[in-house]
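>>> Whatever this is, show me its structure:
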Amino acid sequence: MSRGLAILSLLQITLFLVMIKTPPALALSRFLGTASTFASSNSNLERHVIHHLTEESTTLTEAIRSCQTQYDKTEYTPAQLLNLGSIYTMSSEKYKSYFNSNESKENNHKPQRTTSCTLLPPQTYIRIHWEPRRFSVTLTEKNIIYINDHYAIINKPPNLPCHSTVDNRLENVLHQFTNLTNKQALLGGRLDHDTTGLCVLSLGINFLRYYNLLLRTKTERILGSESFTPIRKFYRAACLVNSQSLKINPELEIKHYLVNSLSAPKLFIEKKSEGNDLECKLIIKSVSDRIEIDEDVRRKWDVPEEWEEIVEVEIELLTGRTHQIRGQMKAMGMPLVGDRMYYDMEKKEVEGEGEGDMCLQAFRLEFEEPVVGEGKMGRKVRSHEERSDELGMRYSCE
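Residues are numbered from 1 along each chain as shown. Prediction:
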């Protein structure tokens, strides 16, 4: 090995040792390989994480405080980080097994979220998310559209995740709904955190199983070209268009294939490849007249000159793939206003509501609801709808 390569290798090792104390039980090269893979695939998250291995018995609070001081990351107190769910720990035995094993990691052999101060033995692994992502939006009673003994329909506000994130267990729909109603809820369907609209919460495992069966049955029937499905979902979206965008008409069925991948953004293609691609279908129900993008809107959303106008479309989602509407509309040359993942558009800082939103709203939901009465069982279609001007207000500067 040349001297230059040797120095480069030493610098790389030193860089990783700053981030993670190498466990003595592991081969250095193996552990650094694991860390490198994690850092490269989650680089944005990794910059906000401290990894630590305790050298002696200590309390979790003291270990957190020591790490924060060492790396000068003191924006939150240890108590605040514990309460938010930003701290994970793993015992020495599980730690060694976790990094030595080539097998898939079971949940009980992964770092576990820890929310209270405990006494830690030596060689305890700690992961500290020192700058947790915060969501200031609050769910209120006005957001509950319908509720009975089995399920609830809520109108999810923008910029609020449906469930806990890796570094924040409190600021999400499920937790806030429980605080608001004193009812434990399970997620029937997930909306992206910056998507607004109707979301189903199950108030028991039986309804959740029933609702999941409806979703599976719907997908099977759609892919089998059947017209009737037990559940229907409708969305409104504001899209950027120009002269190169595809011309779309009402009742037009759009089909793409989602390339099977764990990474995002997702790739949607017109023709199925040799891989295990997933078929995606939606129907354009209506298309508005084109709205010219004025300078205030262009400046607010930092829209390049290539995009000339905005249209509002109503969509019936036939299959429920990850990022389906966002990806399919982008594939047609009509990216959603505010969708920074599928359109390279960083919105400038502005004041007021709608800041950072994506113009996508789940506004109508229909599904078969089981009905019991007069000694008979049957089903009826329950329809929920939530229409407002919020979608238009998000790309208007008025």
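>>> For the helix or strand hosting Thr69, buried residues please.
For Thr69, the host element (DSSP states H and E) is helix 60-71. Neighbour-count burial for helix 60-71 flags 60-61, 63-64, 67-68 (criterion: 16 or more other CB atoms under 10 Å). The C-beta positions use only the backbone N, C-alpha and C, and glycine is treated the same way.
>>> which residues are contacting that helix?
The contact list for helix 60-71 (CB atoms under 8 Å, 6 or more residues apart in numbering) reads 50, 52, 54, 58, 73-74, 78-79, 81-82, 87, 89, 114, 117-120, 124, 126, 128, 130.
>>> picking that back up, between the buried residues of helix 60-71, which sits nearest Glu316?
The closest of these to Glu316 turns out to be Ile64 (CB to CB; 48.7 Å).
>>> Just want the phi and psi numbers for the residue lying closest to Lys142 once chain neighbours are set aside.
Nearest residue to Lys142, sequence neighbours excluded (CB to CB, 6 or more residues apart in numbering): Asn155, at 7.9 Å. Backbone torsions for Asn155, taken as degrees, to the nearest 10, come to phi -100, psi 100.
>>> which one is Ile50 nearest to, not counting chain neighbours?
Distances taken as CB to CB, 6+ apart place Ile128 nearest to Ile50, at 4.3 Å, with adjacent residues excluded.
>>> So that neighbour is in contact with Leu81, correct?
Yes - if you go by CB atoms under 8 Å, Ile128 and Leu81 touch, sitting 6.8 Å apart.
>>> Name the residues contacting each of those two.
64, 87.
>>> can you pull the contacts of the residue lying closest to Ser164 once chain neighbours are set aside?
Of all residues not flanking Ser164 in the chain, Asn172 sits nearest, at 5.4 Å (CB to CB, 6+ apart). Contacts for Asn172 (CB under 8 Å, 6+ apart) come out as 135, 160-165.
>>> let's see 10 Å
Listed by CB atoms under 10 Å, 6 or more residues apart in numbering, the contact set of Asn172 reads 135, 137, 139, 160-165, 187, 193.
>>> Just want to check the distance between it and Ala238.
Separation of Asn172 from Ala238 (CB to CB, to the nearest Å): 25 Å.
>>> and if you look at Lys94?
Separation of Lys94 from Ala238 (CB to CB): 48 Å.
>>> Settle it for me: which of these two has more neighbours?
The residue with more neighbours, out of Lys94 and Ala238, is Ala238; 24 against 19, by other CB atoms under 10 Å.
>>> Surely the more buried one is in contact with Ile325?
No - applying CB atoms under 10 Å as the test, Ala238 and Ile325 come out as separate, 11.7 Å apart.
>>> okay, and the common contacts of those two?
Common neighbours of Ala238 and Ile325 (criterion: CB under 10 Å, 6+ apart): 313, 336, 339, 360.
>>> Now, the residues you listed that are in helices?
Members of these lying in helices (criterion: DSSP state H): none.
>>> From those, which one has the minimum pLDDT?
Across the shared contacts of Ala238 and Ile325, the bottom pLDDT score, 85, is held by Asp339.
>>> can you count the residues close to that residue?
Residue neighbour count, defined by other CB under 10 Å, stands at 26 for Asp339.
>>> Skip the chain neighbours and tell me the closest residue to it.
Per CB to CB, 6+ apart, closest to Asp339 is Met358, 5.0 Å.
>>> which residues does that neighbour contact?
158-159, 192-196, 237-238, 326, 336-343, 347, 394.
>>> mind checking how far it is from Lys233?
The gap separating Met358 from Lys233 is 17 Å, by CB to CB.
>>> repeat for Val241
Val241 sits 24 Å away from Lys233 when distances are taken as CB to CB.
>>> same deal with Leu203?
With distances taken as CB to CB, Leu203 is found 20 Å from Lys233.
>>> Correct me if wrong: Leu82 contacts His129.
No - judged on CB under 10 Å, Leu82 makes no contact with His129 at a distance of 11.2 Å.
>>> Show me the common contact partners of those two, please.
By CB under 10 Å, 6+ apart, the residues touching both Leu82 and His129 are Tyr76.
>>> Could you count how many residues lie near the residue nearest to Leu160 when sequence neighbours are not counted?
Leaving aside its chain neighbours, Leu160 sits nearest to Val137 (4.2 Å; criterion: CB to CB, 6+ apart). Residues near Val137, counting by other CB under 10 Å, number 17.
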